[in-house]
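Undergrad: task: produce atomic coordinates for the following.
(chains A, B, C and D)
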2 protein chains.
Amino acid sequence: MTEIKPFNSTEYMNHISLDCVIFGFNNNELKVLLLHLKYSKENTLPGGFLKYDETLEQAAQRIVKERTGLDNLFLKQFKVFSDPERSRSNKAVMDGIIAGTIPDPSFFENRFITVGFYALVDFLKVKPTPDFYSDHCDWVSLNTELSMLLDHKQIIQEAIVTLRLQLNQQPIGLKLLPEKFTMPELQKLYETILGRDLDRRNFQRKMLNYNILDKLQERKTGGAHKSPYLYSFNVERYQEALKDGLSGIW
Amino acid sequence: MTEIKPFNSTEYMNHISLDCVIFGFNNNELKVLLLHLKYSKENTLPGGFLKYDETLEQAAQRIVKERTGLDNLFLKQFKVFSDPERSRSNKAVMDGIIAGTIPDPSFFENRFITVGFYALVDFLKVKPTPDFYSDHCDWVSLNTELSMLLDHKQIIQEAIVTLRLQLNQQPIGLKLLPEKFTMPELQKLYETILGRDLDRRNFQRKMLNYNILDKLQERKTGGAHKSPYLYSFNVERYQEALKDGLSGIW
DNA sequence: TCAAAAGTGTTGCAGCTACACCCATGT
DNA sequence: ACATGGGTGTAGCTGCAACACTTTTGA
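TA: Numbers count the residues shown, from 1 in each chain, chains lettered A, B, ... in the order given. Take a look at the predicted model:
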């Protein structure tokens, strides 16, 4: 039997933020949309605060729309980051961000719990848009070594791990690639997410056996060498196949 | 470029709670540890609030320890539930829970964001302990039809889905079963989580091929019929195997 | 002694791995 | 013409599904 304690409202209140890892695939590289802060010159994930009357999912859609211009994106929460020191220990950094830009900078002295979301977007449809604190908003390749605000680097890492684990449960290819794409492009995407090379021919056979791709008559022209066929996802069959997971074991 | 707005501290503050789905396996059934409320006569998940200086993981350990007596359990966050109506729309219910029991019942009129955790415990080691609001704390089979507080039924459902998806990535068998167990028991656990029957002989071969089990000399006696061998997990090999996932596809 | 549960085997097929070979294209 | 990348094919192995048979136990 636990003792009873009076609740004090503010003692139990917390600030909830969201950070969105927006993935795009372009030029055979997996990229993340980042903001570059005016004052501290560091990179941050697009983020924001949860409003009192919205769900986290709605907040994430709102945040991502402001940076990309796109509605109704594929978004999933993947982890909550709640270390009490994750924001408090960086007051100096926060000061750098907000110096002279907001009326009540003491706001950032609070503890923040942040919910990590990842978004999968069609790279070419995005119009990167900076916010008030940033001088620009750009796609950055994951191969690039970056200086990131707070624990944002760790958040990106966790997002990638999640992507890898969910590769057979979520429509990752469908959401990251344009309508039409080539088999080598799809393969490169898988290789990037998995972090290792795959056999070209076995990959193709396996993908086709899933029966989730439509082979188009067109070929991709312009590049050097033999022109590859274009494919597109068959959305119904893809969604259907994902219910059990692609190549589910049990 | 987004317009700048002054931040108002409390406008952006939220109440964060945790709800823990504590799984145990006994008598060939998957069970969940639930509290039964004194006033409303409903069942709830063990839960609590995040304190200002702890991580969510620490809070979850604290909450689970109070109900089970056990330290250092296997705990994982699986989803945040943030629908603004999830708690507000149930003020009447909340009144029922707290009637006359706490000094500031208006506390429960607030909106609550709750983080769902699941815990895997060795059924026999747990000493179920009710809290102040509950008259008892018991294991309940998942086959039982239950009347649950708020969205707690949905939280349990989501926990089970997560368990199913993570069956090959997390040490689920290791944490839910006692030191020594029989192959039929392990199989029953898998069947319960997966929601369907598996072939006895193929299951055994597959499990043994993972090379994560040690076959003991002892057999389980007492039951009717032929006495089955006892097995135990080889922890190092199990953890090693999980790094790539059991039978990883890619 | 017999029903029910557990241990052990076998066979055929599907899918994967690891390759070789041919074709198309721009320089 | 040739280097490079893309399309297609095949042999062998592994592992799984779907089965049958034997062994042990308590009632």
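
Undergrad: give the next helix or strand downstream of the least confident helix or strand in chain A by mean pLDDT.
TA: Taking mean pLDDT, DSSP states H and E as the measure, chain A has helix A:91-98 as its least confident helix or strand, at a mean of 56. With elements assigned by DSSP states H and E, the helix or strand that comes after helix A:91-98 is strand A:112-120.

Undergrad: which segments of chain A make up each domain?
TA: A:14-165, A:172-243 (automatic domain parsing).

Undergrad: could those be laid out in TSV, adding distance to residue B:185 and mean neighbour count?
TA: For every residue, glycine as well, the C-beta is placed using N, CA and C. Shown next, in TSV, are these (distance: least, Cβ to Cβ, whole Å; neighbours: other Cβ atoms under 10 Å in any protein chain shown):
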stretch	distance to residue B:185	mean neighbour count
domain A:14-165	28	18
domain A:172-243	29	14
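
Undergrad: could these go into a markdown table alongside distance to residue B:129?
TA: As requested, the domains of chain A are exported to a markdown table (distance: least, Cβ to Cβ, whole Å):
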| stretch | distance to residue B:129 |
| --- | --- |
| domain A:14-165 | 25 |
| domain A:172-243 | 40 |
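
Undergrad: DNA strand C is nearest to which of the ones you listed?
TA: Taking Cβ to the nearest atom of the strand, domain A:172-243 is the member of the domains of chain A nearest to DNA strand C, at 3.6 Å.

Undergrad: what average pLDDT does that closest one get?
TA: Mean pLDDT, domain A:172-243: 95.

Undergrad: give me the distance from it to the chain's centre.
TA: Here domain A:172-243 is found 21 Å from its chain centre; the criterion is Cα atoms, centre = their mean, to the nearest Å.

Undergrad: try stretch A:241-250
TA: Counting by Cα atoms, centre = their mean, stretch A:241-250 comes out at 23 Å from the chain centroid.

Undergrad: what about the strands in chain A?
TA: A:13-26, A:29-37, A:43-44, A:47-49, A:74-81, A:112-120, A:134-141, A:181-182, A:213-219, A:229-233 (DSSP state E).

Undergrad: packing partners of the fifth one?
TA: Contact partners of strand A:74-81 among helices and strands, from 3 or more Cβ pairs under 8 Å, 6 or more residues apart in numbering or on different chains; DSSP states H and E: helix A:56-68, strand A:112-120, helix A:152-165, strand B:74-81.

Undergrad: what do you get for the first one?
TA: Other helices and strands packing on strand A:13-26, by 3+ Cβ pairs under 8 Å, 6+ apart, are strand A:29-37, strand A:47-49, helix A:56-68, strand A:112-120, helix A:152-165, helix A:172-176, helix A:183-194, strand B:13-26.

Undergrad: given the second one, what are its sheet partners and their directions?
TA: Meaning strand A:47-49. Applying DSSP bridges, strand A:47-49 is found paired with strand A:13-26 (antiparallel).

Undergrad: dump the partner strand to PDB, keeping only the CA atoms.
TA: This file holds the C-alpha atoms of strand A:13-26, laid out as PDB (Å, rounded to 0.1, in the frame of the first residue of the first chain):
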ATOM      1  CA  MET A  13       4.000  19.300 -15.500                       C
ATOM      2  CA  ASN A  14       6.500  18.900 -18.300                       C
ATOM      3  CA  HIS A  15       7.300  20.600 -21.600                       C
ATOM      4  CA  ILE A  16       6.800  18.300 -24.500                       C
ATOM      5  CA  SER A  17       8.500  18.900 -27.700                       C
ATOM      6  CA  LEU A  18       8.700  17.000 -31.000                       C
ATOM      7  CA  ASP A  19      11.700  16.400 -33.200                       C
ATOM      8  CA  CYS A  20      11.200  15.200 -36.700                       C
ATOM      9  CA  VAL A  21      13.700  13.200 -38.700                       C
ATOM     10  CA  ILE A  22      12.600  13.900 -42.200                       C
ATOM     11  CA  PHE A  23      14.100  11.400 -44.600                       C
ATOM     12  CA  GLY A  24      14.400  11.800 -48.300                       C
ATOM     13  CA  PHE A  25      16.300   9.800 -51.000                       C
ATOM     14  CA  ASN A  26      18.100  11.600 -53.800                       C
END
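
Undergrad: this completes my enquiry, with thanks.
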